[in-house]
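Visitor: here is a sequence with its predicted model. Questions after.
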Amino acid sequence: MDPVTRRAFIKGVIAAGATATSAAYLFRGPGALLGQTSAPGSVERLITLNVNGQMRRVDVMKQETLAMTLRYKLGLTGTKLGCDRAECGACTVLIDDVPHYSCSILTHTVRSRPVVTIEGLASATGELHAMQRGVLDEQGFQCAFCMPGFIMSAVGFLKVNPNPTRQELAHGVSGNLCRCQDYDKILTALMKGAEYMRGPSNA
Amino acid sequence: MPDGKLIGTNYLPPDHIAKVTGRAKYAEDFRADGMLFAKLLLSPMPHARVRGIDTSAALAIPGVKAILTADEVPDLNGAEKALTNEPLYTGEPILAVAAVSEEIAASAIEAIQLDLEPLPFVVDPLDSLRPGGPNARTNGNVWGAPRPPAPGAQGPAPAPVPETVKWTDADFADDEGDPGRLPMGKAPEEWSFGDLDAGFKNAELVLDESFIVQSTGHHPMETRSAMAYWQNGKLYLHASTQSVAFTLANVARWVGVPPSDVVLICEYTGGGFGSKGAGAVSSAIPALLAKKANAPVMMRISREEESYIGRARTNMSGRARVGFAKDGRITALDLFIVQDSGAYGPMGDHRSAGNAASLIYQPGAMRWRAINVITNTPPRTQQRSPGPMQANGIMEPIVTKAAKRLGLDQVAIRRINAPKGKAVYGPPGPNGVRPHATSAFVTEALDKGAQVFNWEERKARSGKRQGSKVRGIGVTVGPHGSGSIGWDAIMTLRPDGKLYVQSGVGNLGTHSVFDLARAAADVLAMPWEKVEVVWGNTGKHLPWTCLSVGSQTTHAMTRANHAGALDAKKKLQEVAAMDLGGSPDDYELGNERVYRRGNPGRGLSYTQAARRAIELGGRFDGHVVPDDVNQMTKTSAAALVGLGLMGIAKDNFPRDGNTFSFVIGFAEVEVDVETGKVTLVDYLSVGDVGTVVNPRSLIAQLNGGSCLGIAHALCQKWVVDPQYGVTLARRFHYNKPLTILDIPNKLQAVALDIADPETPVGARGVGEPPVGAGYGAVLNAIADAIGVDAFRRAPVTADIVLMSLEHGRRMHEPLRAHL
């Protein structure tokens, strides 16, 4: 099953005859999806998520995004929200090994599917993932707010193309923005991570 | 220049593991028990007066805990407050709600009845200057020159007051048939030097051109979200700032409490680029809501909200009349700037732009005039190279055109005008003397760049069309002030054998927050593994530290920490001489020991010396501190007393001149004349930025700064609807930032690594000068490819390229500010 995107969800809501005021959307935002529900008739649901190899029981509202669940219900704040609208990629996580913007995935759609966040890359004993070591060695990134998203995008892309050219890897992570615009060093660092991932120690 | 080994080498910064594992906590990553969520009610109008607010329905919603209005926010002497009853731009926060969930807070916002009286508004500075044009504020439309303080006046400077300035119909009509020529009416600010008329009379070529430098939002990846709670009467604020120590007093002022009642925590800042220079005034909202609701409050700022309250660059409409001698030397420069300060301010970028133009082009005579206009557009603040970058935008197309007309090489014309050594700039001061730079090695940087970039080889192929593609090359000297003086350092050498360096610098990922400790470690011959940097929390006793804006931190804080470490060194020598005989000068440092010169066995380990310092007390362990350090430093030192041998000092090193850095950008572009697409093929920056402190980070600053300039040349802009006063360039989608696919496969950057003679560590700042270099170099390269008259605004997007090529002249709306 494809994950339901925010766009598809909103379309569905509109098709179903629900109303949304454009003024609210323009100036106030629809409100993030936290804590208690207020819409009458909505049902809170206790579900099980597979996050970073652990089965986590969590109470998730129907309209809650994966980014909010990770950050506010599961304490996994390594996943960053840069735009909350699928523009910047800071919230990228792996779902079934494929990079997704977690700000635009409804949590209920990833039940029983493995989710990996930046916190899940290192081994249980704390040994860093090859990509993390690559980033450390080349000191990619400056403020690093975009770093978790970039790393998850790169790890996901390398599962498909483990030996990319610099240009190919740039395309692979082109859905991620960096405002420090450290792109040159980021790419060097991610290439180093790719090299380490291919290396004998990670065979 | 110390003979240490840390300055000039790469290292793994102490925060990198936390960053790479996702454990680094930014403001929105903190939680507190019982935490509420805040939402903002933003003004739907560009200028209005709040006549009434009915919150009864909102307060009746279960879960709503508090509503904060502008009346409850301390007055700031007329300056921008976190909330307002007279919104001056669309999107300005009017009130805030705290509730048990963000969803409920948003529902409460919906339920509030707001009665707004619309007021006249204007979003384009020229529209405000037209006869009968609207004023952005009820009391004026222009910020005048700063008023000099009254004789003997104490305390803060008086609040600036807007004036009303309108130009005449004749001013606007005087365009000689060219609608793109910037009108020049009354300018409240002006300075000059030299004989301008003679300069123009002696010129071989005189050009008169106008250029529109756009505004863009800063949009750091981390918005200005903040979380606050109160404990025992003290405010604990998790916020995002570029400057931790310096922001403390601002937060206290915004919230209306003494600084001693504020603890500001910011170990990681997700970018700022000037927009979080001394914190964000909006951080007062969760602080005041938390007090009112008696519970912690998280205020998450969305990307769209960041578009309104997140600050932007001042846009400038500039006109320059420039006289050139036959060899390209600038004989006269008459520069006129209309600056858009946005709804608040006043901004001073226009002054920095005038100074920068005088510095990098070294005109024989110059006049600078400017008018600083208020508009009903989101607030401006310094954005990475505020002023000099805009000066590059206004001036570079003219210099490029002059070189073409005079048959000169583009590098040569910049070389002949380049600042050298203690180059003078700006207007004469009250003493009649023009200020000067500490040093400039621009000629060397231009020569180095031309060689590394294979300038001559690329020149041979530029302008030649191949299929639908044509290439062009460009070069620009980007300048920026790069260092302040007079700040403090505190460090303690403790009995555990480690050196603890207190760092009040913000952690933006430039690594200056840690680099300063390497300057100290070098003086004390301390291995890096034994250095602990204490940063990111004003509860951790930080010294008086510069703002991390204006590329000043590396220069300022390496100096201060060099001074602090020299103080520690002196004390180590004194302790050793006291215990082991001889004079302090007989002792030197090495292997974590202070020992008799020539007799390493006769000495004290740092651990022993730290214990002795604690026993001795007095100035050795911080019981007595120098008189000349700032009160903040004294307060922090008092909390660190007795922990070890304390190095504490103010930077009193002399400095002759003001510190500037220079970066030269070299660009090659390829323009597709059928699609209008501009592709950056290659880019090189060359830094004249003093001694290299942290090579890898320096190159990253050169590249990252260049990319911001490149983005301004190619894609980023602001769009504001003049009819409704609504910002259309919200979020990333409408204001395309540079992506990883927009840069060449490999950027090149090199540094001269020539020490600045006026600072003991030799280092100058680097963050900003690459921006103007990138902007100018790419604009020049495009002009080289498709003609010097193809555009006169930035960004040069495909539609501008195609329209110009199609019609053989500039077609785009010439003088609109936010197009």
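Guide: Cool, got the structure.

Visitor: who are the contact partners of the residue of the stretch 251-400 of chain B found nearest chain A?
Guide: Using C-beta to the nearest C-beta, B:Gly270 is the residue of the stretch 251-400 of chain B that sits closest to chain A, at 3.2 Å. Where you see a C-beta, it was placed from the backbone N, CA and C, and this is true even at glycine. Neighbour list for B:Gly270: A:80, A:143-145, B:26, B:220-222, B:240 [criterion: C-beta atoms under 8 Å, 6 or more residues apart in numbering or on different chains].

Visitor: let's see that with 7 Å instead.
Guide: Residues in contact with B:Gly270, defined by C-beta atoms under 7 Å, 6 or more residues apart in numbering or on different chains, are A:143, A:145, B:26, B:220-222, B:240.

Visitor: output those in CSV; the columns should cover neighbour count and distance to B:Met299.
Guide: Output for these, formatted as CSV (neighbours: other C-beta atoms under 10 Å in any protein chain shown; distance: C-beta to C-beta, whole Å):
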residue, neighbour count, distance to B:Met299
A:Cys143, 27, 20
A:Phe145, 29, 17
B:Tyr26, 22, 14
B:Pro220, 26, 16
B:Met221, 27, 18
B:Glu222, 27, 13
B:Ser240, 30, 11
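
Visitor: which of the residues you listed lies closest to B:Ala325?
Guide: B:Pro220 (44.1 Å; C-beta to C-beta).

Visitor: who touches the residue in chain A positioned nearest to chain B in this structure?
Guide: For chain A, the residue closest to chain B is A:Gly78, as judged by C-beta to the nearest C-beta, at 2.0 Å. Contacts for A:Gly78 (C-beta under 7 Å, 6+ apart) come out as A:117-119, A:148, B:22-23.

Visitor: out of these, which comes closest to B:Val123?
Guide: Among the contacts of A:Gly78, and counting by C-beta to C-beta, the member closest to B:Val123 is A:Pro148, at 37.6 Å.

Visitor: which strand residues bridge residue 95?
Guide: You didn't say which chain, so I picked chain A. A:Val98, A:Val115 (DSSP bridges).

Visitor: not what I meant, chain B
Guide: Where B:Leu95 sits in a bridge, its partners, by DSSP bridges, are B:Leu41, B:Thr69.

Visitor: and the pLDDT at it?
Guide: As predicted, B:Leu95 sits at a pLDDT of 98.

Visitor: how about it, what does it touch?
Guide: Neighbours of B:Leu95 in contact, by C-beta under 7 Å, 6+ apart: B:41, B:53, B:67-69, B:83.

Visitor: can you check A:Tyr183 too?
Guide: B:707, B:740, B:743.

Visitor: ok so, going back, most neighbours, which of the contacts of B:Leu95?
Guide: B:Leu68 (27 neighbours; other C-beta atoms under 10 Å in any protein chain shown).

Visitor: OK, contacts around it?
Guide: B:83, B:95-96, B:285, B:288-289, B:292.

Visitor: so which helix or strand takes in whichever residue of the stretch 601-750 of chain B sits closest to chain A?
Guide: When distances are taken as C-beta to the nearest C-beta, the stretch 601-750 of chain B reaches nearest to chain A at B:Cys707, 3.5 Å away. Per DSSP states H and E, B:Cys707 falls inside helix B:695-714.

Visitor: burial count for A:Arg198?
Guide: 13.

Visitor: from the contacts of B:Leu68, which land in helices?
Guide: Secondary structure from DSSP state H places B:285, B:288-289, B:292 of the contacts of B:Leu68 in helices.

Visitor: secondary structure class for the residue nearest to B:Asp799 when sequence neighbours are not counted?
Guide: Counting by C-beta to C-beta, 6 or more residues apart in numbering or on different chains, B:Gly676 is the residue found nearest to B:Asp799 once chain neighbours are left out, at 6.6 Å. Look at B:Gly676: counting by DSSP: H, G, I helix; E, B strand; the rest coil, its state is coil.

Visitor: B:Gly676: how many residues sit nearby?
Guide: So B:Gly676, with other C-beta under 10 Å, has 19 neighbours.

Visitor: same deal with A:Leu46?
Guide: Neighbours of A:Leu46 (other C-beta under 10 Å): 8.

Visitor: contact partners for the residue nearest to B:Asp799?
Guide: Neighbour list for B:Gly676: B:798-799, B:801-802 [criterion: C-beta under 7 Å, 6+ apart].

Visitor: mark which of those residues are buried, thanks.
Guide: B:801-802 (16 or more other C-beta atoms under 10 Å in any protein chain shown).

Visitor: between the contacts of B:Gly676, which is closest to B:Trp143?
Guide: Nearest to B:Trp143 among the contacts of B:Gly676, with distances taken as C-beta to C-beta, is B:Asp799, at 33.7 Å.

Visitor: chain A versus the closest one, what's the distance?
Guide: 22 Å (C-beta to the nearest C-beta, to the nearest Å).

Visitor: ok, B:Pro479 touching B:Pro388?
Guide: Yes - under the criterion of C-beta atoms under 7 Å, B:Pro479 makes contact with B:Pro388 at 5.1 Å.

Visitor: could you tell me how many residues sit around B:Pro149?
Guide: For B:Pro149, using other C-beta under 10 Å, the count is 12.

Visitor: how close does it get to A:Cys143?
Guide: Distance, B:Pro149 to A:Cys143, using C-beta to C-beta, to the nearest Å: 38 Å.

Visitor: now the stretch 451-600 of chain B against chain A: closest residue?
Guide: B:Gly509 (3.2 Å).

Visitor: past the lowest-mean-pLDDT helix or strand in chain A, which element shows up next along the chain?
Guide: Least confident element among the helices and strands of chain A, by mean pLDDT, DSSP states H and E: helix A:22-27 (a mean of 35). As assigned by DSSP H and E, the chain's next helix or strand after helix A:22-27 is strand A:45-51.

Visitor: pLDDT weak spots in the chain?
Guide: Picking chain A for this. Scanning chain A for pLDDT under 70 picks out the ranges A:1-44, A:201-203.

Visitor: please go with chain B instead
Guide: B:1-4, B:153-156.

Visitor: identify each buried residue in stretch B:183-198, please.
Guide: Neighbour-count burial for stretch B:183-198 [16+ other C-beta under 10 Å]: B:183-185, B:187, B:189, B:191, B:193-194, B:196.

Visitor: now the residue nearest to A:Asp97 when sequence neighbours are not counted. Its backbone dihedrals?
Guide: Once flanking residues are discounted, A:Asp97 sits nearest to A:Lys159: 5.4 Å by C-beta to C-beta, 6+ apart. Reported as degrees, to the nearest 10, the phi and psi values for A:Lys159 are phi -70, psi -30.

Visitor: next one: B:Ala38
Guide: Residue torsions, per degrees, to the nearest 10, at B:Ala38 are phi -110, psi 150.

Visitor: next one: it from B:Ala66, what distance?
Guide: 9 Å.

Visitor: same deal with B:Ala284?
Guide: On the measure of C-beta to C-beta, B:Ala284 and B:Ala66 end up 14 Å apart.

Visitor: what does B:Met578 give?
Guide: B:Met578 is 60 Å from B:Ala66, by C-beta to C-beta.

Visitor: residue boundaries of the helices in chain A?
Guide: Using DSSP H, helices in chain A cover A:6-15, A:22-27, A:66-68, A:130-138, A:147-160, A:166-172, A:183-198.
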